[in-house]
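Asker: Mind looking at a prediction? Sequence and model below.
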Amino acid sequence: MNTTESSPEQQTGSVAQPGSGENLLEVSGLQMHFPIRQGIIFQRQIGAVRAVDGIDFAVKPGESLGLVGESGCGKSTTGRLVTRLLEPTAGSIRFDGEDITHKPVATMRKARQQLQMIFQDPYSSLNPRHTVGTIIETPMRLSDITPKQGHKKRAQELLEIVGLNPEHYNRYPSEFSGGQRQRIGIARALALKPKLIVADEPVSALDVSIQAQVVNLLQSLQEEMGIAFLFIAHDLAVVRHFSQRVAVMYLGKIVEVGNRTDIYQRPRHPYTHALLSAVPEANPDGGGRERIRLAGDVPSPIGPPSGCRFRTRCWKAQEKCASDEPPLLQISGNSAGHLTACHFPEEPSITARDEVIILDPALAALEE
Amino acid sequence: MTQQPQPIGTTGASPPVVGESAHEPSSPRPTGAAPAVAGRSPARMAWERLGRDRVSLVAAGISVIFVVVAIIAPLLTAITGWGPITPDNKAIDPNSGNYPLGSFGGVSFNHLLGVEPGTGYDLFARVVYGLRTSLVVGFSSAVISTVLGAVLGMAAGYFGSWIDSVLSRVMDIFLAFPQLLFIIALTPVIQAALQTNEHGGTNENLRLLVLVINIAAFAWAYTARLVRGQVLSLREREFIDAAKIMGAGWGHILFRQLLPNLWAPLLISFALAVPQNITTEAALSYLGVGVVPPNPDWGALLSDASQFFLQDPAYLFIPGVLLLILVLAFNLLGDGVRDALDPRANRS
């Protein structure tokens, strides 16, 4: 991974990845441009949605990497690229030492077994006409794996592992609540003893009280079975709880990546600051945190801003930000593995500062 | 976030486990659900809904009677003693132009539904054997068109791109075609091409086969379009992605993942195709391109009876009413199946 890339910022990012030789999943220069076509019979491409535009990251065995960002920043697309549901337009994905970037489904059964996914919507991720037993057994049957104890026993074991009654083996998904369904989805993902699970917003469709249960379940599985996670979420609190390392995405790019404490306590990128500042607090009068309120929406990924993509909403943007794209690298003051893509990084602190940054004119008027 | 703090501790400390334990999976769960309680499958629930619908039950009863009668037709004619092409010259009056003797088309203990004018065939035997033809053609063409429609509709919906374009245009062509005219024109041609009987006569089984294929060839497009629409929405569901990640090929996805979700529309379209096909078959036979006399068939019977309508109205009346009851029963049963399988759809 650390030799193949040509562009300087990617190389910097790659080299700085700690222990890249032992990574379970290595993604470099990954790019997904969805073509926009026009015309009825003779379609021609008139543009592309640059959902994911050259990102690098790595996941070590047993580690959980959180991927956070606003809606539409490309984090779900990244998850679908890693699980090979989408064909990337550029870049490479290495899983367990094997390049799976363009591998056809039929020849990658082995990798498939060790690379599973948990889906966002538990109401659509389980086939309503299959029993729970069938759903959990399907991955084993498709991979021609017959456990020692037989398919049914193994499925019941898995149900127990995820905290469901094994007697419910013959029930249909419609008889379960959202949280229980998500557990069924987790049991299905565990059936082949995967090394990596891509969890695409696994709790965002659940009730708040159920979210904690499911996240705790995932955490205990990660600890007991040593499964690595690519944990995609927009809920910063959930990611903080679950992930040892966190990558922040904005408009198809990773703007900052680092250990949990680096990202949450010592963020450098203005966007990370803004995101953290937007997390609601249990005690709003407590103060002590900086206040940053952004204005406007994420720009269209069809024609993203030049240079730094965040510059259109950044309070520190200067001319350099429009002309040069900031490379993702270790800025002075950052600990090892904490990479930031910014020309004018913030102070590594989230405590309140003198100025309150409110870019939203409506909100600013309200505060006057 | 007014009362409840963050569900997951923002401080990074281990949060409390809320509600039922996720960490102690092996502990027995006192949920009260008896272990023996097996889930009611969607099919079972639909079956129970059908059982509560009186109209459907009556329709189902009548349909079953018709089917049973058709199956035991040889037994019934053996009991009455008159086969479908055994003339009873004593039951018709040669002096009045071979019209049946007796009232209401010659209904008697000997001939339960009277006799055919002209030939003196027993009408009961012709009706029960004609029922066989109707049901065989109706069911087999419905089976063929449903299977064909399911496979092609799933292929069009799932694969999309040019496969969908081609199949959809073919469906449009078949739906836009004047079916009856086409079959009338085509049937003799196909029969001539497949003719194996060197005497120049019509091979009865071949005629039926051609009829079945012709009817099915025009009926599959309805099913295919229905299935395609369903698959278009189903294929976006995440369980299809889950199957792909598990390494499923398209065969598994089409037949194991999608097909179980299509049973309801398929069963409905099958149940409604049967009476439709029976009507089409009768119409074709009436027009002389289906089953031809002396082979028993309701359409042919009606066509024949229309010649004697003034003199012997019972001859037209009996098969006409029976055809009405048969088609009505199957249609109501089909409606009942639809309501049972898709309770959310309004009946209005």
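Answerer: Structure received. Numbering: from 1, shown residues only, chains lettered A, B, ... in the order given.
Asker: Kindly list the longest helix within chain B.
Answerer: Across chain B, the longest stretch assigned as helix under DSSP state H is helix B:123-159.
Asker: Look up the closest residue to residue 99, ignoring the ones flanking it.
Answerer: In the absence of a named chain, chain A is used. Distance criterion CB to CB, 6 or more residues apart in numbering or on different chains; nearest residue to residue A:99, sequence neighbours excluded, is residue A:92 at 6.2 Å. Any C-beta I mention is one placed from the backbone N, CA and C, and that applies to glycine too.
Asker: actually chain B
Answerer: Nearest non-adjacent residue to residue B:99, counting by CB to CB, 6+ apart: residue B:117, 5.0 Å away.
Asker: Quick check, the one you found in contact with residue B:312.
Answerer: Yes. With contact defined as CB atoms under 8 Å, residue B:117 and residue B:312 form a contacting pair (5.0 Å).
Asker: Who has more neighbours out of the two?
Answerer: residue B:117 (25 against 21; other CB atoms under 10 Å in any protein chain shown).
Asker: Any chance of the backbone angles for the more buried one?
Answerer: Here is the backbone geometry of residue B:117 (degrees, to the nearest 10): phi -70, psi 150.
Asker: how close does it sit to residue B:311?
Answerer: Distance from residue B:117 to residue B:311, counting by CB to CB, to the nearest Å: 7 Å.
Asker: same deal with residue B:62?
Answerer: Distance of residue B:62 to residue B:311, given as CB to CB: 31 Å.
Asker: out of those two, which sits in the more crowded spot?
Answerer: Counted by other CB under 10 Å, residue B:62 and residue B:311 do not tie: residue B:62 has more neighbours, with 17 against 13.
Asker: State the mean pLDDT of the host helix or strand of residue B:207.
Answerer: According to DSSP states H and E, residue B:207 maps onto helix B:204-234. Averaging pLDDT along helix B:204-234 gives 88.
Asker: Show me what counts as buried in it.
Answerer: Residues B:207-228, B:230-231, B:234 are the ones in helix B:204-234 that count as buried (16 or more other CB atoms under 10 Å in any protein chain shown).
Asker: The following helix or strand past it vs helix B:204-234, what angle?
Answerer: Of the helices and strands lying after helix B:204-234 in sequence (DSSP H and E), the nearest is helix B:238-245. Counting by axes from the mean of the first three to the mean of the last three CA atoms, to 10 degrees, helix B:238-245 lies at 100 degrees to helix B:204-234.
Asker: hmm, the helix holding residue B:207 touching chain A?
Answerer: No. Using CB under 8 Å from any CB of the partner chain, helix B:204-234 stays clear of chain A, with a minimum separation of 9.5 Å.
Asker: So which elements touch that helix?
Answerer: For helix B:204-234, the elements it packs on are helix B:123-159, helix B:161-176, helix B:179-194, helix B:263-286, judged by 3 or more CB pairs under 8 Å, 6 or more residues apart in numbering or on different chains; DSSP states H and E.
Asker: can I get those in a markdown table with mean neighbour count?
Answerer: Converted to a markdown table, the helices and strands packed on helix B:204-234 look like this (neighbours: other CB atoms under 10 Å in any protein chain shown):
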| stretch | mean neighbour count |
| --- | --- |
| helix B:123-159 | 23 |
| helix B:161-176 | 13 |
| helix B:179-194 | 14 |
| helix B:263-286 | 22 |
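Asker: ok, of those helices, where does mean pLDDT dip lowest?
Answerer: Mean pLDDT is lowest for helix B:179-194 out of these, coming in at a mean of 80.
Asker: Show me what that helix is in contact with.
Answerer: The contact list for helix B:179-194, computed with CB atoms under 8 Å, 6 or more residues apart in numbering or on different chains, reads B:202, B:206-207, B:210-211, B:214-215, B:218, B:280, B:283-284, B:287, B:289-290.
Asker: Test of understanding: give the bridge partners of residue A:357.
Answerer: Beta-bridge partners recorded for residue A:357 (DSSP bridges): residue A:292.
Asker: That one and residue A:278 touch, don't they?
Answerer: No. The pair residue A:357 / residue A:278 is not scored as a contact, 11.8 Å apart, by CB under 8 Å.
Asker: Which one's more surrounded, these two?
Answerer: residue A:357 (16 against 13).
Asker: residues contacting the more buried one?
Answerer: A:290-293, A:315 are the contacts of residue A:357 under CB under 8 Å, 6+ apart.
Asker: Please apply the same query to residue A:330.
Answerer: A:16, A:336-340.
Asker: and residue A:345, which of the three is it?
Answerer: Assigned by DSSP: H, G, I helix; E, B strand; the rest coil, the conformation of residue A:345 is coil.
Asker: ok now do it, which residues does it touch?
Answerer: Applying CB under 8 Å, 6+ apart, we find residue A:345 in contact with A:268-270, A:331.
Asker: Check the gap between it and residue A:295 for me.
Answerer: From residue A:345 across to residue A:295, the span is 21 Å (CB to CB).
Asker: all strands of chain A, in order?
Answerer: Counting by DSSP state E, one finds strands in chain A at the ranges A:25-38, A:44-59, A:64-68, A:90-95, A:98-99, A:115-118, A:196-200, A:228-232, A:245-250, A:253-259, A:292-293, A:339-340, A:357-358.
Asker: Return the closest of the contacts of residue A:357 with respect to residue B:147.
Answerer: Nearest to residue B:147 among the contacts of residue A:357 is residue A:293, at 60.8 Å by CB to CB.
Asker: Could you give the number of residues near that closest one?
Answerer: 16.
Asker: Leaving aside the residues adjacent along the chain, what's closest to it?
Answerer: Per CB to CB, 6+ apart, closest to residue A:293 is residue A:358, 4.6 Å.
Asker: Might one say that the one you found is in contact with residue A:291?
Answerer: Yes. Between residue A:358 and residue A:291 there is a contact under CB under 8 Å: 7.2 Å.
Asker: mind showing which ranges of the stretch 1-150 of chain B have poor pLDDT?
Answerer: In the predicted model, the stretch 1-150 of chain B carries pLDDT under 70 at residues B:1-42, B:91, B:97-98, B:105-106.
Asker: Also the stretch 101-250 of chain A?
Answerer: A:105-109, A:111.
Asker: hmm, try it at 80
Answerer: Within the stretch 101-250 of chain A, the stretches with pLDDT under 80 are A:103-113.
Asker: What separation is there between residue B:209 and residue B:141?
Answerer: Residue B:209 sits 10 Å away from residue B:141 when distances are taken as CB to CB.
Asker: how about the residues of the stretch 201-350 of chain A that lie near chain B?
Answerer: A:208-217, A:220, A:235, A:237-238, A:240-242, A:260-261, A:264, A:279-282.
Asker: Please list only the buried members of those residues.
Answerer: Neighbour counting by 16+ other CB under 10 Å classes A:210-217, A:220, A:235, A:237-238, A:240-242, A:260, A:264 among these as buried.
Asker: Just the ones of the residues of the stretch 201-350 of chain A next to chain B in helices?
Answerer: The members of those that map onto helices under DSSP H are A:208-217, A:220, A:237-238, A:240-242, A:260-261, A:264.
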